[in-house]
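Colleague: A structural model of the following input is requested.
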Amino acid sequence: MGWFNAGSSVARIVIRKSLSQGGSYLTRRQTMPSKNLSSHSTIFRVMAHTASVLPSVPLSGRTDNFLDGASSVYIEELQKAWEADPNSVDESWDNYFRNFVGQTGTSAGVSGQTIQESMRLLLLVQAYQVNGHMKANLDPLALEEREIPDNLDPAFHGFTETDLDREFFLGAWNMPGFLADNRPVMTLRSILTRLEQAYCGSIGYEYMHISDNDKCNWLREKIETSTPVAYNRERREVFLDRLTWSTQFENFLATKMKAAKRFGLEGGETLIPGMKEMFDRASDLGVENIVVGMPHRGRLNVLGNVFRKPLAQIFSEFDKNAKPVDEVGLYTGTGDVKYHLGTSYDRPTRGGRRIHLSLLANPSHLEAVDPVVLGKTRAKQYYTNDVDRTKNMAVVIHGDGSFAGQGVVYETLHLSALPNYTTGGTIHIVVNNQVAFTTDPRSGRSSQYCTDAAKAFDAPIFHVNGDDMEAVAIVCELAAEWRQTFHSDVVVDIVCYRRFGHNEIDEPLFTQPKMYKVIQKHPSSLDIYQKKLLESGEVTQEDIDNIHKKVNSILNQEFLNSKDCVPNRRDWLSSRWSGFKSPEQLSRIQNTGVKPELLKEVGKAITVFPDDFQPHKQVKKVYDDRARMIETGEGIDWALAEALAFATLLVEGNHVRLSGQDVERGTFSHRHAMVHDQETGMKYCPLDHIMHGQNEEMFTVSNSSLSEFGVLGFELGYSMENPNALVMWEAQFGDFSNGAQVIFDQFLSAGEAKWLRQNGLVVLLPHGYDGQGPEHSSARLERFLEMSDSSPYVLPEMEQTLKKQIQESNWQVVNVTTPANYFHVLRRQIHRDFRKPLVVMAPKNLLRHKKCKSNLSEFVDVEGHPGFDKQGTKFKQLIKDENDHSDLEEGIRRLVLCSGKIYYELDEERKRVDGKDIAICRLEQLCSFPYDRVQRELRRYPNAEIVWCQEEPMNMGAYSYIAPRLCTAMKAVGRGSWEDIKYAGRGPSASTATGFLQVHKNEQAELVQLAMQPQPIKFFC
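Modeller: Have a look, this model is predicted:
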């Protein structure tokens, strides 16, 4: 490309000079409808500001107005220097003069061509490459008025009608497309014809924003072919069959289910054959698994025609009286609407292979599924050892309004090239309705195209007229080839329309009357394609009728079969995790302790560096302290407990992945999982070196982009692929997690109930009141507790052999106060035969608190140590009072129940006031509420006043969740009711915390003193 850059720079001088004389061409546009204008007689326009064409004279004699004197002298001197010694000039100019001077004199008809004309011609070609899409026939409705850039007009570059049949030398540049060696000489008419065919037909290519010349050249070779791509009869018959299925499926549903919402694909039916072509081509290029995410529009069509979900089952889901059959021991959940469900299928391809397709279930929150798709794809790549990322591919389907408007699209695109998040390229398909619900594009985005955000990531964008079946096939195949060649994102923008409203019972004429009057008269893409094939003689009307008859016959038969179809909720759950229990199946409680010799072994491995590694001196001290903790077995802090949990799980063969903002060091500089050499800058992760030959990705700790929604969604998708992995996302501060609220609300808390999909994702949310203000104090614990699905008024079965409380909950919420308990709760995620999300209110000041330590004996599975009980060593849902009370303590006047780091402040105050008649118990697990443990403590202290203490305001934190459940537990053991629960904490507040440090200290002291006061506590109102 060296010569091109040189040529372009000179050409820009030409343009700048003409602009200085004739005004700015940037403000002059030719407005044209989007239909393609192919006649060259319409190309040339009278341009008042276009300079006249210059005569062909030798370079040394040029005195034209396009190049100023300095530029003329410069080029002439360069040419003279080159003639004397080609090595004396830059390689780009050597190529330019060698090709131009060496060829124009030997080609008939071009001997008078000047360097200036050559550069103008190159600039004309470049104009089409850059702006040809602005003139392409993209809108099937021909409603969009598009401004055509002036530089697509040959007259802008100094050419006239008389030049059309004149031959021009393009050069032999050893480059693809119009500059290829096999066609250096062409008439201007031929050049323009092929430029119009390539760039201004039914496909509009945007790729010149890509900074990589190799990628641009690859696309030029695909686009600027000598002749347009043409499919043979056999392929066209396949297109016709697939398009007929897509169209007739929607027509059939419209006839049989007139009053039902189905969010049909009418107006965008070419998506179905396009997807099939894409998948077939991807399979030819080595793809074995494709993970797909999409919105509700067209989903039923995709399920039926691409993923081959039984049509009878799809039709049965329209039956208002349908409900899942009761199956013993089988959890059926609450369900979801039919156009949100997912499926999986092994699809045969055109090349005789089979490719596994997974369509993820998703909510109506548009684009929320995007990062989930990427996470699941990345996990598939890990488990199939797909290091080149060529066997597993992500495809995400978007709407035009949501692609431009939803921020998670940008967050997802932003993950595309990050080392620990890339999937080797995602294919994005935009089903462009040209309207978002009722909002026109001019009100829904500020950019020319809905896909413009993708340009920031050097993704090529292929706009295509959705009525052109074969053009859709071309770009879908090209997208698959791009992804497999360059392993980066690509966008296919199918410009179509929505034949009905947002749904079938919506009236679009209210808001888009002009558009829908055109749509009412517009033929379907199937009608258009059938007409094309009939006119070409490749099919007959009888052929078309036979296809229609076959499709309608099958649809009618499947509709009849649907009357007897039993909606088995497991029909689509083909990839159920073998051996894992549903909420209705009893799961055995397992120990989480480990052998002491294993702890010692891994403890040593994770506390040493290579001999030649030079960590920061403070980090070195941290690791030396950890080594001492392992050696002495005392003073284990939070970070070491976490590392031991990770290490022991790794040794047991489990994958461990932790990501989030600043997680490598830790927001509070406590973790230091990734250590940097102070001399070389090299990184070293001790947890990558526990076992000989350990896969470096088996343990992954990765700082993420500054995103909550996108990254949490990614990790959720990752956790869904395989149950034998501890997948964790940590927020920088818990306060910031609400940037991912959609993932919490629609996926984590409700995913199993809606879609029967378990996952064991762990979410670490730093939480605690330290005087850092309202945005650095609260992870909004109350929101996670409010979304729990357990009844506060019903005591669950608590018999250990029958207990299913956690299994029947939608997730777990914990607020842990000891390193050992943190160790066990992480290991518990893996050591059981079901999976539930785990939300951890992670500590901040407890990370270095002198009292927040554990002994190594609390981690081991050896009888006799303090952490061992009847069930062995495991996570403690409630930690009883530290004062080793007996089973009955009638002299205790107050039982304070609390959770989190407030315990240490309460205990300090109790010691200060010598409150020996006060017991403090910690609820380490809030959800599911540990009724049996709480009742044990209520029986232990029969005369005690019951107090709930928290540092959050009364309308936040755990109070509103704990109070009714504590009341239920109290009633069951005869200890009173709601009025007997006393509250010690902050009053109700709009803000989570004060922004004034002294106010915080006063509030904190008051609530702690209230909990420890000698007088009875009055109920706080």
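Colleague: show me the residues around the residue nearest in space to the middle of the chain that make contact.
Modeller: Averaging the C-alpha coordinates of the chain gives a centre point, and the residue nearest to it by Cα atoms, centre = their mean is Pro371 (1.5 Å). Listed by Cβ atoms under 8 Å, 6 or more residues apart in numbering, the contact partners of Pro371 are Val408, Glu411, Thr412, Leu415, Phe709, Gly710, Val711, Leu712, Gly713, Phe714, Leu716, Gly717. Where C-beta positions appear, they are placed from N, C-alpha and C, glycine not excepted.
Colleague: Show me the helices in the stretch 401-550 of the chain, by range?
Modeller: Under the criterion DSSP state H, counting those that start in this stretch, helices of the stretch 401-550 of the chain are mapped to 407-414, 441-444, 469-486, 513-521, 525-536, 541-562.
Colleague: Quickly compare the ones you listed and say which is most buried.
Modeller: Most buried of the helices of the stretch 401-550 of the chain, by mean neighbour count (mean count of other Cβ atoms under 10 Å): helix 469-486, with a mean of 24.
Colleague: My read is that Tyr961 contacts Ser928, right?
Modeller: No. The criterion here is Cβ atoms under 8 Å, and Tyr961 misses it with Ser928 at 11.3 Å.
Colleague: Mind pulling up the pLDDT for the closest residue to Lys803 other than its chain neighbours?
Modeller: If you skip the residues right next to it in sequence, Lys803 has Glu797 as its closest partner in space, 5.9 Å away by Cβ to Cβ, 6 or more residues apart in numbering. If you check Glu797, the pLDDT there is 84.
Colleague: what's near enough to touch the residue lying closest to Gly915 once chain neighbours are set aside?
Modeller: When the adjacent residues along the chain are set aside, Gly915 lies closest to Met1012, with 5.4 Å between them (Cβ to Cβ, 6+ apart). With contact taken as Cβ under 8 Å, 6+ apart, Met1012 is in contact with Leu906, Glu909, Arg910, Val913, Gly915, Ile918.
Colleague: Please report the distance of Met1012 from Asn815.
Modeller: Remark: distance between Met1012 and Asn815 (Cβ to Cβ, to the nearest Å) = 20 Å.
Colleague: which helices and strands sit right next to the helix or strand encompassing Val742?
Modeller: Element membership for Val742, per DSSP states H and E: helix 741-742. Taking 3 or more Cβ pairs under 8 Å, 6 or more residues apart in numbering; DSSP states H and E as the contact definition, helix 741-742 has no neighbouring helices or strands.
Colleague: now it: mean pLDDT?
Modeller: For helix 741-742, the mean pLDDT works out to 94.
Colleague: Show residues contacting it.
Modeller: Contacts of helix 741-742 from elsewhere in the structure, counted by Cβ under 8 Å, 6+ apart, are Pro363, His365, Ala368, Val408, Phe709.
Colleague: which residue packs closest to the third one, ignoring adjacent ones?
Modeller: With Cβ to Cβ, 6+ apart as the measure, Val742 is the residue that lies nearest to Ala368, at 5.0 Å, once sequence neighbours are left out.
Colleague: Strands - which of the contacts of Pro371 land there?
Modeller: Judged by DSSP state E, strands contain none of the contacts of Pro371.
Colleague: between these, which is closest to Ile946?
Modeller: Compare each of the contacts of Pro371 with Ile946 using Cβ to Cβ and the shortest gap goes to Leu712, at 36.8 Å.
Colleague: Surely that closest one is in contact with Trp729?
Modeller: Yes. Using Cβ under 8 Å, Leu712 is in contact with Trp729, at 5.1 Å.
Colleague: just to revisit the earlier point, could the contacts of helix 741-742 go into TSV alongside distance to Leu271 and pLDDT?
Modeller: Shown next, in TSV, are those (distance: Cβ to Cβ, whole Å; pLDDT from 0 to 100):
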residue	distance to Leu271	pLDDT
Pro363	21	89
His365	21	89
Ala368	20	94
Val408	22	95
Phe709	26	95
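Colleague: List only buried entries from those residues.
Modeller: When the contacts of helix 741-742 are checked for burial by 16 or more other Cβ atoms under 10 Å, the buried set is Pro363, His365, Ala368, Val408, Phe709.
Colleague: Of these, which is the nearest to Pro228?
Modeller: When those are compared for distance to Pro228, the smallest value, 37.8 Å, is given by Val408; criterion: Cβ to Cβ.
Colleague: That closest one and Glu708 touch, don't they?
Modeller: No. At 10.0 Å, Val408 does not count as touching Glu708 under the criterion of Cβ under 8 Å.
Colleague: which outside residues touch the strand or helix carrying Arg912?
Modeller: Counting by DSSP H and E, the secondary-structure element that holds Arg912 is helix 902-913. The list of residues contacting helix 902-913 from outside it, by Cβ under 8 Å, 6+ apart, reads 817, 846, 849, 851-852, 882, 896, 898, 915, 918, 920, 922, 949-951, 1004, 1008-1009, 1011-1012, 1014.
Colleague: what about the stretch 151-300 of the chain, any weak spots by pLDDT?
Modeller: 171-176, 178-184 (pLDDT under 70).
Colleague: can you map out the helices along it?
Modeller: 188-199, 213-223, 233-256, 271-284, 299-305.
Colleague: how far away is the residue nearest to Lys754 when sequence neighbours are not counted from His670?
Modeller: Using Cβ to Cβ, 6+ apart and skipping the chain neighbours, the partner closest in space to Lys754 is Asp336 (4.3 Å). Asp336 sits 41 Å away from His670, taking Cβ to Cβ as the criterion.
Colleague: before we move on, what about Pro310?
Modeller: With distances taken as Cβ to Cβ, Pro310 is found 53 Å from His670.
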